[in-house]
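S.K.: Sharing a sequence plus its predicted fold:
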Amino acid sequence: MPIKKERVRERGFTLLEVLIAISIFAVGVLAVATMQISATRGNRLGNELTQATTLAQQQIEALKGADFSSATLALGNYNDPDNPIVETSSGAGLFNRSWVIAANTTFSRLVTVTVSWTIGTNTYNVVLSTVTRGGGN
């Protein structure tokens, strides 16, 4: 009696299935890479926005602390003598700070501080305003 050998069909992946799987994987990896680049740019912009806001706030506090009758709160447009300001705490960019002091009432001033910086071809600004009577008020 002859012994019948059953054919065992070996199942595996065909070349076409492997190519399709690699293509789907590649599209996913490219999407993740694009997301990483976008997140890095967003983090940089957020960091520079925080630094610019801090520079503007520091100037507002300095102006609010000045005496109302001093030259510091004289009406006019001013540019920071330290421009461009290099923020070295994180190695970030160059900032330009300016401010305008305008009359608000007889005993108060409207102070508007602007900090600007450029990334590539885009220019960004942070503008903070306050009303002060001088002497920290």
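M.R.: Happy to help now that I have it.

S.K.: show me where the protein has helices.
M.R.: Assigned by DSSP state H, the helices in the chain fall at 15-64.

S.K.: how far out from the middle of the chain is stretch 69-80?
M.R.: How far stretch 69-80 lies from its chain's middle: 29 Å, per CA atoms, centre = their mean, to the nearest Å.

S.K.: For the chain, which helix or strand comes out least confident on mean pLDDT?
M.R.: strand 85-86 (a mean of 79; mean pLDDT, DSSP states H and E).

S.K.: which residues sit against it?
M.R.: Contacts with strand 85-86, where a contact means CB atoms under 8 Å, 6 or more residues apart in numbering, come from 55, 93-97. In this view, the C-beta of every residue, glycine as well, is placed from N, C-alpha and C.

S.K.: Quick check: can you name the pairing partners of it and their directions?
M.R.: Within its sheet, strand 85-86 is paired with strand 94-105 (antiparallel), according to DSSP bridges.

S.K.: Quick check, central residue of this structure?
M.R.: Leu45 (1.9 Å; CA atoms, centre = their mean).

S.K.: isn't that one right next to Ile119, touching?
M.R.: Yes - counting by CB atoms under 8 Å, Leu45 touches Ile119, with 7.0 Å between them.

S.K.: Distance of Leu19 relative to Phe13?
M.R.: According to CB to CB, to the nearest Å, Leu19 stands 10 Å off from Phe13.
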